[in-house]
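Trainee: here is a sequence together with a model predicted from it:
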Amino acid sequence: MSFEIFVALVVFAAVTSVTPGPNNLMLLASGVNFGFRRTVPHMAGVSIGFVVLLLAVGAGMGSLLTTLPWLYTALKIAGGLYLLYLAWKIATSTTLEEGEAAARPMSFLAAAAFQWVNPKGWVMAVTAMGAYTDPANYWLTMVIVAAVFGVLTAPCCALWAGMGVALRRWLSEPRRLRIFNIVMAVLLVASLWPLIR
């Protein structure tokens with residue numbers, strides 16, 4: 001992998017990891033509703049789960065989805081339904097105290113498993129493996145792509161959860177929290193647009 005391609009990969013990974021999408025919106029909402037420490041397993045699940053997805057796509061899962069379009073359709077439907085469920089859960093959250101007592105943040109395993117039905121994650125993984133691997137040295141460049149995302153995804157997750165924590169005090173007023181959670185739910189549903197286009 002040339003230096004220029006490596007720099008392009010780093011820029012691509014940073015931009016796609018930090019921009020809004022289902023993972024980042026859920027991390028923001030989790031930071032607001034549960035705080036940073038309780039959101040750490042969610043962040044770790046996103047970071048590690050996405051690296052596993054990247055490696056699976058690089059190892060052939062991407063071509064399997066091309067060969068079996070019904071499987072890709074099934075993943076899209078499952079991802080869409082799960083995002084609708086998560087949007088509903090966020091929209092119906094009440095006060096910070098009640099949310100902390102009655103609900104739990106997303107677990108490591110749930111966040112890692114979510115990567116397999118996350119539409120933005122699939123687009124990122126397929127694009128990264130298609131654009132930044134070198135056929136002459138495929139396995140090494142595949143691992144480099146996954147490693148770059150692994151290094152950059154973690155701080156991006158922490159940034160979004162941290163922004164949520166920063167909003168906690170302002171959102172401690174129930175009306176503001178209700179509006180915030182509804183807006184987050186609407187944005188999460190809007191992130192389904194790539195699925196239905």
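Mentor: Looks like it came in fine. Residues are numbered from 1 along each chain as shown.

Trainee: host element of the closest residue to residue 167 other than its chain neighbours?
Mentor: Nearest residue to residue 167, sequence neighbours excluded (Cβ to Cβ, 6 or more residues apart in numbering): residue 32, at 5.4 Å. Quick note: C-beta positions are derived from backbone N, CA and C, even for glycine. Using DSSP states H and E, residue 32 sits within helix 22-34.

Trainee: Provide a list of residues in contact with the residue nearest the centre of the chain.
Mentor: Centroid-nearest residue in the chain, with Cα atoms, centre = their mean: residue 23, separated by 2.8 Å. Residue 23 is in contact with 46, 50, 111, 114-115, 118, 120-121, 157, 160, counting by Cβ atoms under 8 Å, 6 or more residues apart in numbering.

Trainee: now stretch 132-143, how far from the chain's geometric center?
Mentor: The chain centroid and the centroid of stretch 132-143 are separated by 24 Å, computed with Cα atoms, centre = their mean, to the nearest Å.

Trainee: can you give me the buried ones in that stretch?
Mentor: 132-133, 141-143 (16 or more other Cβ atoms under 10 Å).

Trainee: what is the nearest of these to residue 58?
Mentor: Closest approach between the buried residues of stretch 132-143 and residue 58, by Cβ to Cβ: residue 142, at 3.8 Å.

Trainee: residue 24 is in contact with residue 187, correct?
Mentor: No - at 9.9 Å, residue 187 does not count as touching residue 24 under the criterion of Cβ atoms under 8 Å.

Trainee: so between the two, which is more surrounded?
Mentor: Counted by other Cβ atoms under 10 Å, residue 187 and residue 24 do not tie: residue 24 has more neighbours, with 23 against 18.

Trainee: against residue 141, how distant is the more buried one?
Mentor: 27 Å (Cβ to Cβ, to the nearest Å).

Trainee: next structured bit after the lowest-mean-pLDDT helix or strand in the chain?
Mentor: Ranking every helix and strand in the chain by mean pLDDT, DSSP states H and E puts helix 96-102 at the bottom, with a mean of 49. From helix 96-102 onward toward the C-terminus, using DSSP H and E, the following helix or strand is helix 108-114.
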